[in-house]
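[1] Give me the fold of what follows.
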Amino acid sequence: MTRYVIEPPAPTSLPIRGSDERFPVRRVYCVGRNYAAHTIEMGGDPDRQVPFFFQKNPDNLLTDGADFPYPDMSSDVHHEIEMIVALHKGGYNIPIESALDHVWGYGVSLDMTRRDLQAECKEKRHPWEIGKAFDHSAPVSELVPASEIGHPTDGAIWLKINGEMRQQGDLNHMIWKVPEMISCLSGLFTLAPGDLIQSGTPSGVGPVKRGDQLEGHIDGLADLHCKVV
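    Model (predicted):
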C-alpha cells in the first residue's frame, strides 16, 4: 500500500442522470471562441482558424446544484453557457473519423469568468488562469450517456437569469464540431479517460450578481441550476 506524507485530496467526480454512479474527472479543457457570434462579440474574427484551448482544474467544478460563490478580487464576473463533453477513452493524434468513439457523454456547464481580471491578463499578455480557473468557476449539470442520447450536433442551448433569457443559440452554430475539437486537442495533449472538454459559448455573455438564479439548458441533456451567493 502506498504511503503519503499528507492525506491525498478526494477525487473530483460528476453525477450521472438516473444513476448513483459518478464520472471521475482527470482534466478540464476549454475551447475558446467556438461560436461565431460570440467571437464577434468579444472582438475576434469568426473565420475558421486553428482552435485555441485553455484549462480549468478538476476542483474548479461545482456539482450537484451547489451555489456559486461570487469570487473575491473581481467586480465583473460573467456567465458563459457551454456543452461539456466527457471522454471515456484517450489517445494521441485521434483521427476525426473515430473521435466520437472516445465520448462517454455530455452535460451542461458554465464557464464563469472574472472578466475584469481576464482583460488585465490579455492586456499584459499573461496567462488567463486568474480569470478562468478560480474556485467554483465551472458549475456542471448531471452527465447524460451518449449511449442513451447519441451525439448531439444541433439543438437549443440557452441560459436564463431570474427567468430572463440571456444567452441563446444552437449547437450547430459551433465553428469547431466535437470530433474536430477532440482530434485537434489530442495533437497537443495525450487525452485520457476522465477528461472533459467545455466546447464554447454562444453570444450574450454578461455579468452576474449575488442573488441571481441561473438556469442552463441544452436540448436532450440535464438542466443546470445554480444560485449566485
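
[2] any idea of the pLDDT on the spatially most central residue of the chain?
    When C-alpha atoms, centre = their mean is applied to the chain, the residue found nearest the centroid is Gln198 (3.0 Å). Gln198 carries a pLDDT score of 97 in this model.

[3] quick one, what contacts it?
    28-31, 56, 82-84, 109, 111, 138 (C-beta atoms under 8 Å, 6 or more residues apart in numbering). C-beta coordinates here come from the backbone N, C-alpha and C atoms, glycine included.

[4] so Ile182 is in which element?
    Here Ile182 is covered by helix 178-186, with elements defined by DSSP states H and E.

[5] picking up where we left off before, which one of the contacts of Gln198 has the most neighbours?
    Neighbour tally across the contacts of Gln198 (other C-beta atoms under 10 Å): the maximum, 30 neighbours, falls on Ser109.

[6] how about the nearest residue to it, chain neighbours excluded?
    In this structure, Ser109 finds its nearest non-sequential neighbour in Ile84, 4.1 Å apart by C-beta to C-beta, 6 or more residues apart in numbering.

[7] could you point out which element follows the helix or strand harbouring that neighbour?
    Per DSSP H and E: Ile84 is located in strand 81-87. Heading C-terminal from strand 81-87, the first helix or strand you meet, by DSSP H and E, is strand 103-110.

[8] which outside residues touch that next one?
    Strand 103-110 is touched from outside by 14, 16, 23, 68, 79-88, 138-147, 149, 151-152, 159, 178, 182, 198, 214, 216-218, 221-224, 226, with contacts defined as C-beta under 8 Å, 6+ apart.

[9] Please state the offset of stretch 137-154 from the chain centre?
    Relative to the chain's own centre, stretch 137-154 is displaced by 11 Å; criterion: C-alpha atoms, centre = their mean, to the nearest Å.

[10] Going by neighbour count, which residues of it are buried?
    Residues of stretch 137-154 classed as buried: 137-146, 152 (neighbour count, 16 or more other C-beta atoms under 10 Å).

[11] If I look at the residue nearest to Asp67 when sequence neighbours are not counted, what pLDDT would I see?
    Closest residue to Asp67 apart from its sequence neighbours, by C-beta to C-beta, 6+ apart: Val229 at 4.4 Å. Reading off the confidence values, Val229 has pLDDT 98.
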